[in-house]
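Asks: pasted the sequence and its predicted model underneath.
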Amino acid sequence: MSGSLAQHADEGPTTELSIEHRDVIIVGAGLSGIGAACHLTEKCPDRNYLILESRKAMGGTWDLFRYPGIRSDSDMHTLGYSFKPWEGAKAIADGPSIVDYVRETAAEHAVDQHIRYGHRLLSASWSSAQSIWTLEIRQSDSDKTVQMTCNFLYMCSGYYSYETPHDPKFPEVASFKGQVIRPQFWPEDLDYHDKTVVIIGSGATAMTLVPAMAKKAKQVTMLQRSPTYVLSRPSEDWFANGLRKIMPSSWAYAITRFRNTLFQEFLFKQARKYPAMAKHLLIRQLRKQLGKDYDVEKHFTPSYNPWDQRLCLVPDDDLFKAINSGSATVVTDHIQRFTETGIELKSGQNLKADIVVSATGLELEVMGGATFNVDGRAIDFATLTTYKGFMVSDVPNMVSTFGYVNASWTLRADLISEWVCRALNHMTKTKTSKIVPVVPESLKNMPTKDWIADFPAGYLQRAMHLQPKQGNQAPWVNSQDFRSERALFNLPIDTDDALHFSASPNR
């Protein structure tokens, strides 16, 4: 598809068309989008591409979130790219280090030259007659709407709204005279030195903020409705750091990535198979960290089984050290209302606060909030079926990246990028311009379940009704299992009966 309609990102506007065209347009310059572009550069050099990024910088989540202590909750040997070794001493890395890693990767592959910042995708319309997506894009600098076209649309825009965090509608919050802060929009000049801080939430963000803010604040309280399972581990990986001393970093990285992937998979599957034992081991570790007098049952023992929701990682015991020092506390209760000076709880307890941080989760968004249609027919994703968790039935030439909820995001993003490159190369070989998954008639009534099943986390459940369904057999599944998906994604594309290829009649 690299014919006369196409142009490279560094060539400027085409003289033949008033609308810019690319073979591939990637939406999002975060961890997934930069990785996708690197894979395209290496494996599909005949395809030109462009990355559209709605913000003013690359890095996605890792550039957006700038609250104190921001860090990964997965080790960087699996959260990093398959082709780019992570060489930092800390496997549990801070946000700025991850942004540096993404920028360095982009520069090494020259994909930073193919990014348009301040370009937000509003809508995409597919024409079967031309095998082309026409995109409506808003430019933030001028607030002008422009059009671009592409043959293949690669959505790497993440899964949540960058503009709107989840709002739990706290009662009487307007009466509070202090500051209410959203981690998603952390003020650069926030002074919390010697202040009393209440952090509402029990997820990864809250558990990161508590020890980080406790270093300066007078007192930090984590207020949660219910507990979350917590797993402690060192921030440095002795195995990886040791290997780098005796072999090339690329070898050490590959071996560590393989080892850690197997270890993650083993822990997850054992926890699901033996939930009572997993719960016992997790709680036993907490009792050792927090002491026999701490109420682990109340504050760190959830009502659900391990991995019904994602475990929270505590590197180097930082949360437990803050609790044991007295600089941080955990309160498990429900909010009755906000007052002028803090929060009144349903138990009758009053929490004084100068600053309240609402770490209550994300607002999920399907396909970056854009709208889509195929040949003039609006797409309602909830009525369609997922293909391997990254394409959608009856929607041509579009792939969307979503990582793992039970392992590192990038493991799946890399698998998807590799599949996309094989699909594009197959289309070049067969001189086709359209690829679309089609559910056969014999499976139209197959049993379905949620796009992500058996993972009842609130932030996901709030948006499951908007997502496509998955069936009960491959390839109409979204298994969220790295080993099985690696095998499924690597099946020969030309033997996949679910995929229909064709050439445009007008090209």
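Replies: Arrived safely, thanks for sending.
Asks: quick one: contacts of stretch 359-369?
Replies: Applying CB atoms under 8 Å, 6 or more residues apart in numbering, the external contacts of stretch 359-369 come out as 27-28, 54, 120-121, 155, 157-161, 164-168, 183-184, 199-201, 203, 205-206, 209, 381, 400, 458-460, 462-463, 466-467. C-beta: built from backbone N, CA, C; applies to glycine.
Asks: so of these, which ones are in strands?
Replies: Val27, Arg120, Leu121, Met155, Ile199, Ile200, Ser400 (DSSP state E).
Asks: now for those residues: which two are most distant?
Replies: Maximum pairwise distance among the ones in strands among the contacts of stretch 359-369 (CB to CB): 33.8 Å, between Leu121 and Ile199.
Asks: the two - which one has more neighbours?
Replies: Ile199 (29 against 24; other CB atoms under 10 Å).
Asks: quick one, helices of the chain?
Replies: 31-43, 61-64, 76-79, 95-108, 204-214, 238-244, 249-273, 275-290, 296-299, 318-325, 409-430, 458-461, 482-489 (DSSP state H).
Asks: those: which one's closest to Gln139?
Replies: So among the helices of the chain, helix 31-43 is nearest, using CB to CB, at 18.1 Å.
Asks: so where's this structure uncertain?
Replies: Filtered on pLDDT under 70, the chain yields the residue ranges 1-17, 506-507.
Asks: sorry, back to before: pick the one among the ones in strands among the contacts of stretch 359-369 closest to His426.
Replies: Taking CB to CB as the measure, His426 sits nearest to Ser400 out of those, at 19.4 Å.
Asks: and for that closest one, the neighbour number?
Replies: Neighbours of Ser400 (other CB under 10 Å): 24.
Asks: who touches the nearest residue to Ala252 once chain neighbours are set aside in this structure?
Replies: Nearest non-adjacent residue to Ala252, counting by CB to CB, 6 or more residues apart in numbering: Leu243, 3.6 Å away. Applying CB under 8 Å, 6+ apart to Leu243 gives the contacts Trp251, Ala252, Ile255, Thr256.
Asks: what's near enough to touch the residue nearest in space to the middle of the chain?
Replies: By CA atoms, centre = their mean, the chain has its centre lying nearest to Gly158, at 5.4 Å. Listed by CB under 8 Å, 6+ apart, the contact set of Gly158 reads Gly28, Gly30, Ser32, Gly60, Thr61, Glu365, Gly368.
Asks: and the residue nearest to Met213 when sequence neighbours are not counted, how many neighbours does it have?
Replies: Closest residue in space to Met213, ignoring its immediate chain neighbours: Val220 at 5.1 Å, by CB to CB, 6+ apart. Counted with other CB under 10 Å, residues neighbouring Val220 total 27.
Asks: got it, and Asp94?
Replies: 18.
Asks: what's the local residue count around the closest residue to it other than its chain neighbours?
Replies: Among residues not flanking Asp94 along the chain, Arg71 sits closest, at 4.9 Å (CB to CB, 6+ apart). If you count neighbours by other CB under 10 Å, Arg71 ends up with 21.
Asks: one more: Lys177?
Replies: By other CB under 10 Å, 11 other residues sit near Lys177.
Asks: which one of the helices of the chain lies nearest to Pro440?
Replies: Of the helices of the chain, the one closest to Pro440 (CB to CB) turns out to be helix 482-489, at 17.5 Å.
Asks: outside of the closest one itself, list whatever touches it.
Replies: Residues external to helix 482-489 that are found in contact with it (CB under 8 Å, 6+ apart): 261, 264-265, 388-389, 404, 407, 411-412, 415-416, 418-419, 474-475, 479.
Asks: between that helix and helix 409-430, how many degrees?
Replies: Using axes from the mean of the first three to the mean of the last three CA atoms, to 10 degrees, the inter-axis angle of helix 482-489 relative to helix 409-430 is 10 degrees.
Asks: now helix 482-489: buried residues?
Replies: Phe482, Glu485, Leu488, Phe489 (16 or more other CB atoms under 10 Å).
Asks: among the residues you listed, which one sits closest to Thr149?
Replies: Phe489 (27.9 Å).
Asks: any idea what Trp133 is bridged to?
Replies: Trp126, Cys150 (DSSP bridges).
Asks: so it makes contact with Gln147?
Replies: No: taking contacts as CB atoms under 8 Å, Trp133 lies outside contact range of Gln147: 10.5 Å.
Asks: between these two, tell me which one has more neighbours.
Replies: Trp133 (22 against 12).
Asks: residues contacting that one?
Replies: Ile25, Ala124, Ser125, Trp126, Ser127, Thr149, Cys150, Asn151, Phe152, Leu153, Asn397, Met398 are the contacts of Trp133 under CB under 8 Å, 6+ apart.
Asks: rerun at 10 Å
Replies: By CB atoms under 10 Å, 6 or more residues apart in numbering, the residues touching Trp133 are 22, 25, 124-127, 148-153, 372, 374, 396-398.
Asks: ok, it to Phe372 distance?
Replies: Trp133 sits 9 Å away from Phe372, going by CB to CB, to the nearest Å.
Asks: picking that back up, any idea how far the residue nearest to the centre of the chain lies from Tyr294?
Replies: Taking CB to CB, one finds Gly158 at 37 Å from Tyr294.
Asks: picking up where we left off before, give the contact list for the residue nearest to Asp94.
Replies: Arg71 touches 62, 65, 90, 92-98, 204, 208, 212, 235, 313, 315, 318, counting by CB under 10 Å, 6+ apart.
Asks: Provide a list of residues in contact with the residue lying closest to Leu345 once chain neighbours are set aside.
Replies: Distances taken as CB to CB, 6+ apart place Asp333 nearest to Leu345, at 4.2 Å, with adjacent residues excluded. The neighbours of Asp333, taking CB under 10 Å, 6+ apart as the test, are Leu223, Gln224, Arg225, Lys298, Ile343, Leu345, Lys346, Ser347, Gly348, Gln349, Leu351.
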